[in-house]
Structures are given as C-alpha cells and as structure tokens.
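> Quick one, structure for this:
(2 chains)
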Amino acid sequence: MREWIKNYWHILWTPSKHFSLAFLTVGGFIAGIVFWGGFNTGLELTNTEKFCISCHEMRDNVYQELRGTIHFNNRSGVRATCPDCHVPHEWTDKIARKMQASKEVWGKIFGTINTREKFESKRRELAEHEWKRLKANDSLECRNCHNFEFMDFTKQGDRAVNQHSTALASGEKTCIDCHKGIAHELPDMAGVEGW
Amino acid sequence: MKKLIAFAIIALCSLSVLAQDNIATLRGETPIDQESAAPNMAKPMKDDVKRHRNYPMQPPVIPHNIQDYQVDLKVNKCLSCHARKRAEEAQAPMISVTHYMDRDGNFLADVSPRRYFCNQCHVSQTDARPLVENQFEDIDQILQNNAK
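Numbering: from 1, shown residues only, chains lettered A, B, ... in the order given. Next up is the predicted model:
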C-alpha cells in the first residue's frame, strides 16, 4: 500500500514526458472551465423549486402550505420560490448552506420526516433552524426583495407603520421577529417570544 | 263544460308560468340550467376603526384583514396581539374578561378553551352589498318608538 502511494506521488511530481507544457496548461484551463461550469450548473439545479418538490416531504407538506399564501398567489403575479427564501444568494453563504444541506440528504435517505406525523413532530425544530438563520443574517432573504430603503410608510396600514418606523428602522427588530409563519404553518408556539 | 275546464287549466298553467318569472331569487334572471356570472369577491375592511355594536352582548367585529390567520391546536394568531400578555406591546384591545372564565364563572390563568376559536363569534367585515334589506332595530330605537 505504502509503495503504491509512493509510486503515484513520484509520478505526480516528475515533469511530464509525453505532453507539452502548452497542452497541460491550456488543457488544464479548459478542463477547469468545464469542471467549474458543470459544478455551478449542478449547484443551480439544486436551487430550483422543481428540485425541492421532487421529494414528497417538501411537496406534500411545506409546498402545499405555501400555495395559499401571498408569496405564491397574489395580485401582481410575482412569486417567491423555495430557494428565494431558503438559499442565500451570496456565493460563500450559499456554499456554506449547501454543506449544511448534506444533513438534509441524510434525513432524506433515512426518512427522518417521511410521514406527515414525523414531519409534524419535527416542525418546531425545523422552524427554529430557519428563524435562527434569518435572525442571524438580519432577515437577508426577506430583504433581497423587501428593501427597507424603498418602503413607503404612507402606503402601509397604521399598525404596520408603527412597527416599521420604530423597531425595524432602529434595527432593534428584524423581519422574522414578527413575520413568522407567513409562508408555512406555524408549529406549537409555546414559549416563543411574542406569542 | 269540458271546454271550460280545459280552458281553466290552460289559464292556470300560464298564470303559474307568469308567476314563476316574477319570483326574485338570489340567482337573478339566470335560468336554472345555466350558471350565472359570479359577482366580484368582496374586499375585506381593514381600517382598524371600531364598529358600532347593535346590542350590548354582540361580539365586536374585526376591523382588519385576517386572511391566513392560523388558529388551531398549535397556535392562535389572534392572541399574539389580543391576549392579556400581548395587548400592551401590540396596542390591541385585550379580549374581554369573559374569555378567561370557565362556564361556572371561575377565572382561569389563560384563555378558556371554549373561547379559543375566535371566528366562532368574531368575524371580519367586507364591503359586500347586503343581499337582502336588514330590518334590525336597535333597542334604543324600539324604546323610543314605544314611548311615543
């Protein structure tokens, strides 16, 4: 075994005998483009709603709940898909989230939430993960569309103005502090602040 | 005689047909075998202004939109503002003390389960036109009329 590794190590660190330097650099460059393009395309493929609801866990639970809400169905026809809210748009954050998602693959393989009952018993825990994430990044995924700078208070209801012009404006609170359960059903909220 | 009876029957039939045409129904003039055009959906009233109560024990109506408010065994969205604990921060009217009483009149620490489902009594209002005229009279009006 050790000999075998040593052998390959030796080959890797010896100058090439048959291929020109140009071939290796240009070839490596092209291979890099193909690899990177393929990687990104594959990654983006997993950032589509179609991919999310290809699993029955998502299709039968959270997706059905989303369908009645304003983020799915509204007067102007602009809608949010799963990744708009659940996958960060910045590349580094996205990769970090994708690495966390390996646990979701684990959950899929071992059927952690593969029945309605299992999903319901995990709902609070799963919701808390998302609340924590949005609280930590100041509701970044909300703000990707809902920009505070361009909110017109005169077009909001009085109660909304009261909250937005004070707690939200000062940064004391962030979107998710009040707007929980806007796209999916809420879990048992016993003990959650503000409920 | 036979002719007279036949004539009477025809006259009756035609009368009943005429009468049928004059019956006003909620479906309007649309024949029974056709689908009438649905009226526009009514818009919820959301001006946050308290409404008049027609009698003292009338449950107040909801002057804001309650679309998608979750009220089930897990959570009650209404109580996240109207519960005693939440009313100060939300500046919402607290649900009345009767909601904290059981049916024997004992006060409970939290909302009584029999008062938990808000929409059983409290409903939001829309700008829909009333389908029939409302002839309800306020008790004050009745007393005033009787005094005359």
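> So which bits of the longest helix anywhere in chain A are buried?
Identified as the longest helix of chain A according to DSSP state H is helix A:21-45. Going by neighbour count (16 or more other CB atoms under 10 Å in any protein chain shown), nothing in helix A:21-45 comes out as buried. The way it works is simple: take the backbone N, C-alpha and C, and place the C-beta from them, glycine included.
> What's the first helix or strand after that helix?
The helix or strand immediately downstream of helix A:21-45 is helix A:49-52, counting by DSSP states H and E.
> list the helices and strands that next one packs on?
Counting contacts by 3 or more CB pairs under 8 Å, 6 or more residues apart in numbering or on different chains; DSSP states H and E, helix A:49-52 packs against helix A:82-86.
> Residues in contact with the helix it packs on: which ones?
A:47-49, A:52-53, A:58, A:62-63, A:66, A:71, A:130, A:141-142, A:144-145, A:183 (CB atoms under 8 Å, 6 or more residues apart in numbering or on different chains).
> List just the nearest of these to chain B.
Nearest to chain B out of the contacts of helix A:82-86 is A:A183 (CB to the nearest CB; 9.8 Å).
> Figure out the helix or strand that the closest one lives in.
Here A:A183 is assigned to no helix or strand, by DSSP H and E.
> isn't it right up against A:E65?
Yes. Look at A:A183 against A:E65 with CB atoms under 8 Å: they come within range, at 7.3 Å.
> model confidence over stretch A:146-164, on average?
Stretch A:146-164 shows a mean pLDDT of 92.
> Need the residues that contact that stretch.
The contact list for stretch A:146-164 (CB under 8 Å, 6+ apart) reads A:165, A:168-169, A:173, A:175, A:178, B:46, B:48, B:64, B:91.
> same check, this time on stretch B:91-108
By CB under 8 Å, 6+ apart, stretch B:91-108 touches A:162, B:60, B:79, B:81-84, B:86-87, B:109-112, B:114-115.
> Give the PyMOL command for selecting the buried subset of these.
Per 16+ other CB under 10 Å, the buried members of those correspond to this PyMOL selection:
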select buried, chain B and resi 79+81+82+83+86+111+115
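> hmm, which two among the contacts of stretch B:91-108 are most spread apart?
A:N162 and B:R114 (32.6 Å; CB to CB).
> More neighbours: which of A:A183 and A:E65?
A:A183 (21 against 16; other CB atoms under 10 Å in any protein chain shown).
> who touches that one in this structure?
A:A183 touches A:65-66, A:69, A:71-72, A:80, A:85, counting by CB under 8 Å, 6+ apart.
> quick one, phi/psi of the residue nearest to the spatial centre of chain B?
Nearest to the geometric centre of chain B sits B:V123, at 7.4 Å (CA atoms, centre = their mean). According to degrees, to the nearest 10, the main-chain angles of B:V123 amount to phi -130, psi 150.
> what's the distance between it and B:A109?
Here the criterion is CB to CB, to the nearest Å. By it, B:V123 lies 27 Å from B:A109.
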